[in-house]
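In: the amino acid sequence is not available; the structure is as follows:
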């Protein structure tokens, strides 16, 4: 081998007699791919450029700096060289120009793209101050040759300048990233991704380094460097296989790149790229959220420094503001975190409870909270308990706010722990250009779309879960609908659905393409077409669910999959099939059955005392505020019968002599005590034929903390019934106290109130489908009371965050409402609930 000498043409001696030969040898034979090869190529180029600089006279103090990716020592095979020739300004311009030519022309002669500049220290500072992209590149400046002290002087000054200007520069950098994402899309979901410019790409990873250099915030480290190296490795292979300096992983290049990297196939390659991009995207989201928090905090401290200083001197430091959201879950500084009393290792439902609370509040789940939940490794029993299932459905029903919370759970590894079958679809690409998303993100997006359609179905919980699972079979060979049917049935059992519900979910997954394919490809006037669909669907309720699922699926697929024409064809088919399945519409929900023996005893006691009587029967998993012995906390003087154990909440039975205003009074008292109603049955009994008593059988759970004592509930109920407790005012006060200006509550679909087409013979059935909220049942009961109707019985259920209720109402004299009266009542009740939806959220 020859020694390291350099001629005027820039041909440096190397392993094969020159830089070009040495470079070729390095890229094809010598170094292992990945970081070692990129670093080796940077070192080889450093030696060559140092030889060029030292081959002639140096006019004054000069230094050659590598900038950008080359400055980070990350040269890909076809990367350009980003170089800065720095001088102190004392040498003649002609001499500096001659030196620059001596450096630049050999680079061009090698056919290497060059991004070059020549500046003094002052010019470098001035350019960095006015051009953010220049400043970003200089943050990675690295000394190559010449006066090392000059390089150090520049780096020290630029870092100080970057840190001092961070409050202004970081928002500008954030906006650059968002604009880049708008132009190039999201890398984790693109079939032909730009590895550098798309969201989650190499530019975003570089931006995170710049944020860290500002000392304002630091990016999450876990997996970030590995993700960045994955994208760099793919780009290296792309450069070598195509021979082009490109960052776009085109479809026609993916098989070659996969082979070059030793990857099974193009789909496996894309999954690796998507996983890396998701890691970078999530790290970016977390980092920019922290940047915003820190900058807001600094601004507030500057504005209020004098006032806060005086208060701190008198009272000590202010306590952190933490607002409870659910048991073990609080909001702090715009994020959802774990309460100090939370015990993640002993509470396997906590991950889902925290996720549901975050999504419903429209807040991010803090990364430390997600990692703490993952580290706890508290496994849910299989099948899941009812609370876990309800929290899962609440998470799925939160609309667009489900997505960032889901991403946080996935980044922490919690999704595949909860749903092991999810691994098959995670980051799986879809080669059909109609699809906008990967399989897993499409499933989540379908649930988001389905959340807006929950008022159209009687079982919103089944709709949301079917939306999440409808393409779960795409991770398996064969027809994904057939494979998905079996997987969905197994997953439904795991989540805690009973056999009948699991069968419905399996049928929805099996037939999720049936309606749209039939509507667009078959003759709807052919009776055989309608008969075929009706036979496959089987029931009106399943048809209702399948219709909503089909629409949600199409909307989540992409713009090409849904149109007004397709919607009209689908609606026509559904109408024909519904008529075939059942004439006259769906039957009304069955009225609640008669009272139990324990209920009858309470009713007798209520009639005897003339006042309310209630009993609390704790179930497994409840948190009663008593001695924990598990007996009924009852205020009657009569022992209650033992109830069947349930996984969540408590049974609350209330008996009150019939009178106006009982339903809103009881519901309002429960809301004031932060008890969420999971289900309720209202009926009228007549113990011993002496007079009617309202019997309300509730299943309730505490939002957070312990259950209230039964005596307190009874005392407040007595006050509510005699008018001394203004429930509406108390609820409004609490809402105002917890109203947070910065909180953006998710937009729920509007409430839907209808008259059941096949009502009871003795009452009119009013059906309400609405977003569950504190005081919802109180507002419904108050509106019914104000309308002058009598609630004879009711069936109330909460499925996730959706309330599905049926009220059997009559005129005061006991007759069902006339049709026009029933329609007017439904309209009045819907208007009342719409006013609630428009009210500011607390």
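Out: Nice, thanks for sending it over. Everything numeric here is computed off the predicted structure, so don't read it as measured data.
In: confirm residue 765 sits in a strand?
Out: Yes - Residue 765 forms part of a strand when assessed by DSSP: H, G, I helix; E, B strand; the rest coil.
In: partner residues bridging it?
Out: Note on residue 765: beta-bridge partners by DSSP bridges are residue 808.
In: could you measure from it over to residue 687?
Out: Counting by C-beta to C-beta, to the nearest Å, the gap from residue 765 to residue 687 is 26 Å. (C-beta placed from N, C-alpha, C; glycine too.)
In: neighbour count winner among those two?
Out: residue 765 (24 against 21; other C-beta atoms under 10 Å).
In: you'd agree that one is up against residue 753?
Out: No - using C-beta atoms under 8 Å, residue 765 makes no contact with residue 753, being 11.5 Å away.
In: next, the buried residues of the strand or helix carrying residue 575.
Out: Here residue 575 sits within helix 564-581, counting by DSSP states H and E. Residues 566, 569, 570, 573, 574, 576, 577, 578, 580, 581 are the ones in helix 564-581 that count as buried (16 or more other C-beta atoms under 10 Å).
In: pLDDT value on the second one, please?
Out: So the one you mean is residue 569. At residue 569, the model reports a pLDDT of 93.
In: ok, for it, nearest residue in space, not its chain neighbours?
Out: Leaving aside its sequence neighbours, residue 569 sits nearest to residue 519 (C-beta to C-beta, 6 or more residues apart in numbering; 4.1 Å).
In: tell me how far that neighbour lies from residue 358.
Out: Applying C-beta to C-beta, the value for residue 519 to residue 358 is 38 Å.
In: neighbour count: those two, which is higher?
Out: residue 358 (30 against 21).
In: just say helix, strand or coil for residue 694.
Out: Per three-state DSSP, residue 694 ends up strand.
In: these two touch, right, it and residue 686?
Out: No - counting by C-beta under 8 Å, residue 686 is not a contact partner of residue 694; they are 10.9 Å apart.
In: tell me the mean pLDDT over stretch 209-228?
Out: For stretch 209-228, the per-residue pLDDT averages 93.
In: what residues of it count as buried?
Out: 210, 211, 213, 214, 216, 217, 219, 220, 223, 224, 227, 228.
In: quick one: low-confidence ranges for the stretch 301-450 of the chain?
Out: 301-320 (pLDDT under 70).
In: which residue ranges of it form strands?
Out: Taking DSSP state E, counting those that start in this stretch, the strands of the stretch 301-450 of the chain run over residues 322-326, 329-332, 335-338.
In: helices and strands around the first one, which ones?
Out: Based on contacts counted as 3 or more C-beta pairs under 8 Å, 6 or more residues apart in numbering; DSSP states H and E, the elements that strand 322-326 packs against are strand 329-332, helix 350-361.
In: can you spell out which helices and strands pack onto the shortest one?
Out: Contacts defined by 3+ C-beta pairs under 8 Å, 6+ apart place strand 329-332 against strand 322-326, strand 335-338, helix 350-361.
In: quick one: terminal-to-terminal distance for stretch 111-122?
Out: Stretch 111-122 stretches 32 Å from its first residue to its last (C-alpha to C-alpha, to the nearest Å).
In: so where is the protein shaky, pLDDT-wise?
Out: Using pLDDT under 70, the chain drops low at 1-17, 30-31, 300-320, 583-595, 618-648, 688, 737-746, 759, 835-842.
In: contacting residues for the residue lying farthest from the centre of it?
Out: Going by C-alpha atoms, centre = their mean, the residue of the chain most distant from its centre is residue 57, 60.9 Å out. By C-beta atoms under 8 Å, 6 or more residues apart in numbering, the contact set of residue 57 is residue 95.
In: contacts for stretch 405-422?
Out: So stretch 405-422 is contacted by 278-279, 281-282, 285, 351-352, 355, 358-359, 364-365, 367, 370-371, 373-374, 379-380, 392, 395, 398, 423, 426, 440, 444, 472, 475, 487, 490-491, 494 (C-beta under 8 Å, 6+ apart).
In: narrow the residues you listed to those in helices?
Out: Using DSSP state H, the subset of the contacts of stretch 405-422 located in helices is 278-279, 281-282, 285, 351-352, 355, 358-359, 367, 370-371, 373-374, 392, 395, 440, 444, 487, 490-491, 494.
In: of these, grab the buried ones for ChimeraX.
Out: Entered in ChimeraX, the line below selects the buried ones among the ones in helices among the contacts of stretch 405-422, by 16+ other C-beta under 10 Å:
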select :278,279,281,282,285,351,352,355,358,359,367,370,371,373,374,392,395,440,444,487,491,494
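In: find the nearest non-adjacent residue to residue 251, please.
Out: Distances taken as C-beta to C-beta, 6+ apart place residue 192 nearest to residue 251, at 5.8 Å, with adjacent residues excluded.
In: so that neighbour touches residue 248, yeah?
Out: Yes - if you go by C-beta under 8 Å, residue 192 and residue 248 touch, sitting 6.1 Å apart.
In: higher neighbour count, these two?
Out: Set residue 192 next to residue 248 and count neighbours by other C-beta under 10 Å: residue 248 wins out with 17 against 14.
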